[in-house]
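>>> need a 3D model of the following:
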Amino acid sequence: MKGDENDPKGLILEAYRIDGISKSECRSIFLDWALSLSLEQDTGLVLKALLTRYGAAHPDHPMTEVMTEGLGGMAAPRRRGGWRSRPRN
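Have a look, this model is predicted:
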């Protein structure tokens, strides 16, 4: 099954169709979904669109929880080291 630009392989849609799917299975599907996106896509915007499409209708589904966690975990990375953090003589 082919999806759309936000879900190229249709993985997210299929996860919502699977009865009794576990959160760990959703995480695995989510990782595969994330790897299928092109580098030009803004993952945060795509996740918001998918949550609007599927999450509103299925608020208690494990995939909704996984995508919400993924969206929350996308905060801008903090710099850890490099030449600016080294003490100057």
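>>> just give me how far stretch 12-25 sits from the chain centre.
14 Å (CA atoms, centre = their mean, to the nearest Å).
>>> what's the end-to-end length of it?
End-to-end distance for stretch 12-25: 12 Å, by CA to CA, to the nearest Å.
>>> got the buried residues for it?
Ile12, Leu13, Ala15, Tyr16, Ile21 (16 or more other CB atoms under 10 Å). In short, each C-beta sits where N, CA and C put it, glycine included.
>>> what's the burial count for the residue lying closest to Tyr16 once chain neighbours are set aside?
Excluding the flanking residues, the one nearest Tyr16 by CB to CB, 6 or more residues apart in numbering is Tyr54, at 5.4 Å. By other CB atoms under 10 Å, 19 other residues sit near Tyr54.
>>> doesn't Tyr54 fall inside a helix?
Yes - counting by DSSP: H, G, I helix; E, B strand; the rest coil, one finds Tyr54 located in a helix.
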